[in-house]
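Asks: From the sequence below, what's the structure:
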Amino acid sequence: MKRAQMQILYSGAVQGVGFRYSVKSVANGFEVTGTVRNLADGRVELLAEGPKDELEAFRQGIRDSGLEHFIQKEDVNWNEAKNEFRGFEIVR
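Replies: Modelled structure (predicted):
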């Protein structure tokens, strides 16, 4: 199955609320690899790779996990997977 890369830039009250740790926890339930990190401008960047349907389910899983009320905006970009991740990690 063809793998894709999904980049999401989350805006809202997404820093200082355990957002990255919750995303990492949600990632454990999906066949995805990638990273989640805080950006200097107050957003959170998620980079994830996997089958596109799995990435879409992961994205929904993040919203369903109770994080949706922190998210004001989601900017999503799709690319071809670069296979650069081994697991799912929080990057500082």
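
Asks: Low-confidence regions, this structure specifically.
Replies: Scanning the chain for pLDDT under 70 picks out the ranges 1.

Asks: Helices of that one, residue ranges please.
Replies: In the chain, helices defined by DSSP state H lie at 19-27, 52-62, listed in chain order.

Asks: Which one, of those, ends up nearest to Phe85?
Replies: Each of the helices of the chain was checked against Phe85 via C-beta to C-beta, and the shortest separation belongs to helix 19-27, namely 10.6 Å. Heads up, the C-betas are built off the backbone N, CA and C, glycines and all.

Asks: Quick one: work out the angle between that closest one and helix 52-62.
Replies: Orientation note: helix 19-27 sits at an angle of 130 degrees relative to helix 52-62 (axes from the mean of the first three to the mean of the last three C-alpha atoms, to 10 degrees).

Asks: Return the alpha-carbon coordinates of helix 19-27 using CSV.
Replies: Taking C-alpha atoms only, helix 19-27 is exported to CSV below (Å, rounded to 0.1, in the frame of the first residue of the first chain):
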residue,chain,number,x,y,z
PHE,A,19,-1.2,18.4,23.5
ARG,A,20,2.0,16.7,22.2
TYR,A,21,1.8,13.9,24.8
SER,A,22,-1.8,13.2,24.0
VAL,A,23,-1.0,13.1,20.2
LYS,A,24,1.9,10.6,20.9
SER,A,25,-0.5,8.5,23.0
VAL,A,26,-3.1,8.5,20.2
ALA,A,27,-0.4,7.6,17.6
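
Asks: now Tyr10: how far from Val36?
Replies: When distances are taken as C-beta to C-beta, to the nearest Å, Tyr10 and Val36 turn out to be 9 Å apart.

Asks: Would you enumerate the residues in contact with the closest residue to Arg37 other than its chain neighbours?
Replies: Here the nearest residue to Arg37 in space, its sequence neighbours aside, is Val91; by C-beta to C-beta, 6 or more residues apart in numbering that works out to 3.9 Å. When the contact criterion is C-beta atoms under 8 Å, 6 or more residues apart in numbering, the partners of Val91 are 35-37.

Asks: Tell me the one of those nearest Val14?
Replies: Val36 (10.1 Å).
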